[in-house]
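Engineer: Build me a model:
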Amino acid sequence: MFARLTPMVRALLIANLGVFAAQALLGPDAFANWELWPLRGDPLDGGLPFRPWQLLSYAFLHIEFWHLFANMFALYIFGPDLERLMGARHFTLYYFVSVVGAALVQLAP
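Structural biologist: Presented below is the predicted three-dimensional model:
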């Protein structure tokens, strides 16, 4: 089952599972600065200000088990084939460009 995992997919799965475990242990407030806050977030409304690292860090946060499961299942199913096809370096670039692209679309007015 795990023999088909490629190095980058394995690393991404471990990182996501590790952050999810930390979220469960420390609580969601511990990772509030990692969440993707709106560009014009108003602290008076309970939001935190936007920080540039959030364009990447939000991708490792999952609100509940099924959110994590769905994301990691898709990575497990499609990731190894893409990494073998593209190579580890290009797959990693593709993954993080997709993460930043999704963040920018979400932040668009």
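Engineer: Counting residues, name the longest helix you see in this protein.
Structural biologist: Longest helix in the chain by number of residues, with DSSP state H as the criterion: helix 65-86.
Engineer: helices or strands up against that helix?
Structural biologist: Helices and strands touching helix 65-86, by 3 or more C-beta pairs under 8 Å, 6 or more residues apart in numbering; DSSP states H and E, are helix 7-26, helix 88-107. Every residue, glycine included, has its C-beta placed from N, CA and C.
Engineer: List the buried residues for the last one?
Structural biologist: Going back to what we said before, that points to helix 88-107. 91-92, 95, 99, 103 (16 or more other C-beta atoms under 10 Å).
Engineer: which helices and strands does that helix pack with?
Structural biologist: Helices and strands touching helix 88-107, by 3+ C-beta pairs under 8 Å, 6+ apart, are helix 7-26, helix 54-57, helix 65-86.
Engineer: Distance from that helix to the middle of the chain?
Structural biologist: Centroid separation for helix 88-107 versus its chain: 10 Å, with C-alpha atoms, centre = their mean, to the nearest Å.
Engineer: got the angle for it vs helix 7-26?
Structural biologist: Counting by axes from the mean of the first three to the mean of the last three C-alpha atoms, to 10 degrees, helix 88-107 points 50 degrees away from the direction of helix 7-26.
Engineer: Can you check which of the helices and strands packed on helix 65-86 gets nearest to Trp66?
Structural biologist: helix 7-26 (11.6 Å; C-beta to C-beta).
Engineer: ok, now which ones touch Leu82?
Structural biologist: Contacts of Leu82 were listed using C-beta atoms under 8 Å, 6 or more residues apart in numbering, and they are 91, 94.
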